[in-house]
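# Model the following, please.
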Amino acid sequence: MRSLIQILKFSFVGVMNTAVDLGVFNFLIFLFGAVTGVFFILFKMAAFLAAVLNSYIMNKSFVFGVKEYSVNKGEFSRFILVSFLGMMINTIVAFLVYTLVYAYGDVLPYYIAANAGAISGSVAVFFWNFFGYKFFVFKDKDGK
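Alright, predicted model coming up:
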């Protein structure tokens, strides 16, 4: 039951993180007028990193119930490692979906294809992040 509640809380935080991710991503697209090639990857990585800051705070306190409010260097390092690998998974999936939907399909406008890629990346990394945070980053003191 505890894991189910954590998954539901993690899902809620994930929706918030996705909103931050998409907000930053679309702001960068708006600011620069388009997204192509390497700029897609840079915009996606910047957006993901913004979401990671929100993710650390919300997952630590709300999802996994860590009561200490200071930043534990080892815990934060593990969080960054899991998140960095998650960012790679997220960005690769997002770029592949964007490329398939826009570059080869040429049916949808670039901003819809870019967001389809971004959302696909977020979905792809969901379980990686949950299990990485639960069992590697915010594991209970007794190792559960």
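
# which residues touch residue 48?
Neighbour list for residue 48: 21, 87, 90-91, 121 [criterion: C-beta atoms under 8 Å, 6 or more residues apart in numbering]. The C-beta positions use only the backbone N, C-alpha and C, and glycine is treated the same way.

# now swap in residue 76 and tell me
Contacts for residue 76 (C-beta under 8 Å, 6+ apart) come out as residue 56.

# That one: helix or strand, and which one exactly?
Assigned by DSSP states H and E, residue 76 belongs to helix 73-98.

# This structure: helices as residue ranges?
2-32, 37-58, 73-98, 110-132 (DSSP state H).

# Check what pLDDT residue 141 gets.
Here, the pLDDT recorded for residue 141 equals 45.

# what do you get for residue 96?
For residue 96, the pLDDT comes out at 91.

# Could you report the neighbour count for it?
14 (other C-beta atoms under 10 Å).

# what residues are up against it?
With C-beta under 8 Å, 6+ apart, residue 96 has these contacts: residue 117.

# Can you tell me how far it is from residue 68?
39 Å (C-beta to C-beta, to the nearest Å).

# repeat for residue 57
Distance, residue 57 to residue 68, by C-beta to C-beta: 13 Å.

# In terms of neighbours, single out the busier of the two.
residue 57 (12 against 9).

# related to what we said a few turns ago, which of the contacts of residue 48 sits closest to residue 40?
For the contacts of residue 48, the residue nearest residue 40 by C-beta to C-beta is residue 91; the value is 9.0 Å.

# Does that closest one touch residue 44 like I think?
Yes: between residue 91 and residue 44 there is a contact under C-beta atoms under 8 Å: 5.1 Å.

# Which one's more surrounded, the two?
Set residue 91 next to residue 44 and count neighbours by other C-beta under 10 Å: residue 44 wins out with 26 against 21.

# OK, contacts around that one?
By C-beta under 8 Å, 6+ apart, residue 44 lies in contact with 25, 90-91, 94-95, 117-118, 121.
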